[in-house]
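[1] Predicted coordinates and the sequence they were generated for:
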Amino acid sequence: MTELSSQVVRARLAFSYDGTDFAGWAVQPGLRTVQGEMEGALARIIRDPVTGEGLGARLTVAGRTDAGVHARHQVAHVDVPLHAWQAMPGRSGRTPAEGLRARLDGTTPDDIVILDVREAPEGFDARFSATERRYAYRICDRLDLRDPLTRRHVLHVDGELHVDALNDAAATLTGLRDFAAFCKARPGATTIRDLTEFSWERVTAGPDTGLVVATVRADAFCHSMVRSLVGAVLPLGQGRRDGQWLAAVAGSAARSQAVAVAPAHGLTLEQVSYPADADLAARAELTRARREPLD
């Protein structure tokens, strides 16, 4: 069991959500957010043993998603008072981690699902220990495949997309570089990122059959980066822009107004990756030294 002190246990949470009805991840006054729902649920579950009042529990998340963006596998950590951790199973035969998962899943709304809760390994930080975030962007460019049941997470476009042209364009943007042209600026935050994959395919099997899907991987992403990257290459896949235009956009020292940011609902955070347990603390220290903040 990981104890930050003799009175606190760090729990690692894995969960998914439909972002349609959320104003993004981060708490915002008067708005419904994923963080707000999760922390509200935790406050109802984790209670002071003397007063019986709910305790505020702040979540640290691997990646803050924008309004309307979904997550198939998001990760966060929360520090739970030891007395509350030990009380999680109640009278059941569950472990504390299993008890917290069941209670949290039963308290959060239907558009959030708690996939897993476990005691975090020593040195784990959901945000700074992560080595990679992987996103998918789904597009339907065929009228016969448009499905109203998937409209909340698939972008519908008119006209066939040329996948080879999308891949040629995307390949020019990968690597370690400054992505200022594709990021919403934040004071004091770097826009240097290592984009390890930006690729497109027309899916031939499974639930996404027929869709054109982008896979986007990086050590981290700055605000609106993935949607801006998608929005930048889509005109090339539609034959409306060329590589010279994209190169000029990518070379901009500030966010380019020439790029139409792709709609949020087509984007899903698919996976967050971490190193081996023994390397978690070192990874977190390295990430903090490189840049602040990470999203």
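    Everything's here; your move.

[2] Flag the shaky bits of the stretch 151-295 of the chain, pLDDT-wise.
    Low-confidence segments of the stretch 151-295 of the chain (pLDDT under 70): 290-295.

[3] Which strand or helix spans residue 138?
    Assigning secondary structure by DSSP states H and E places residue 138 in strand 132-140.

[4] The next helix or strand after that strand pairs with which strands?
    Using DSSP H and E, the next helix or strand after strand 132-140 towards the C-terminus is strand 155-156. If you go by DSSP bridges, strand 155-156 pairs up with strand 132-140 (parallel).

[5] Dump the C-alpha coordinates for the strand holding residue 138 into PDB.
    This file holds the C-alpha atoms of strand 132-140, laid out as PDB (Å, rounded to 0.1, in the frame of the first residue of the first chain):
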ATOM      1  CA  GLU A 132       2.200   8.900 -23.600                       C
ATOM      2  CA  ARG A 133      -1.400  10.000 -24.300                       C
ATOM      3  CA  ARG A 134      -3.200   8.400 -27.300                       C
ATOM      4  CA  TYR A 135      -6.200  10.000 -28.900                       C
ATOM      5  CA  ALA A 136      -8.400   8.900 -31.800                       C
ATOM      6  CA  TYR A 137     -10.400  11.200 -34.100                       C
ATOM      7  CA  ARG A 138     -13.300   9.500 -36.000                       C
ATOM      8  CA  ILE A 139     -14.800  10.800 -39.200                       C
ATOM      9  CA  CYS A 140     -17.500   9.500 -41.500                       C
END
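
[6] I'd like the distance from that strand to the chain centre, please.
    Remark: strand 132-140 is offset 10 Å from the chain centroid, using CA atoms, centre = their mean, to the nearest Å.

[7] In the helix or strand harbouring residue 213, which residues are buried?
    Assessed by DSSP H and E, residue 213 sits inside strand 212-218. Within strand 212-218, the residues that count as buried by 16 or more other CB atoms under 10 Å are 212, 213, 214, 216, 217, 218. For glycine as for every other residue, the C-beta is placed from the backbone atoms N, C-alpha and C.

[8] tell me which of those residues is nearest to residue 130?
    Proximity of those to residue 130 (CB to CB) peaks at residue 218, which lies at 10.6 Å.

[9] show me the contacts for that closest one.
    Residues counted as contacts of residue 218 (CB atoms under 8 Å, 6 or more residues apart in numbering) are 132, 133, 193, 194, 195, 196, 225.

[10] With distance to residue 80, secondary structure and neighbour count as new columns, can those be given to me in a markdown table?
    Converted to a markdown table, the contacts of residue 218 look like this (distance: CB to CB, whole Å; DSSP: H, G, I helix; E, B strand; the rest coil; neighbours: other CB atoms under 10 Å):
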| residue | distance to residue 80 | secondary structure | neighbour count |
| --- | --- | --- | --- |
| 132 | 27 | strand | 16 |
| 133 | 25 | strand | 23 |
| 193 | 32 | strand | 21 |
| 194 | 33 | strand | 15 |
| 195 | 35 | strand | 21 |
| 196 | 34 | strand | 14 |
| 225 | 32 | helix | 23 |
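
[11] can you list these in JSON lines and add distance to residue 114?
    Shown next, in JSON lines, are the contacts of residue 218 (distance: CB to CB, whole Å):
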{"residue": "132", "distance to residue 114": "23"}
{"residue": "133", "distance to residue 114": "20"}
{"residue": "193", "distance to residue 114": "29"}
{"residue": "194", "distance to residue 114": "31"}
{"residue": "195", "distance to residue 114": "30"}
{"residue": "196", "distance to residue 114": "29"}
{"residue": "225", "distance to residue 114": "27"}
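
[12] I'm done for today, thanks for sticking with me.
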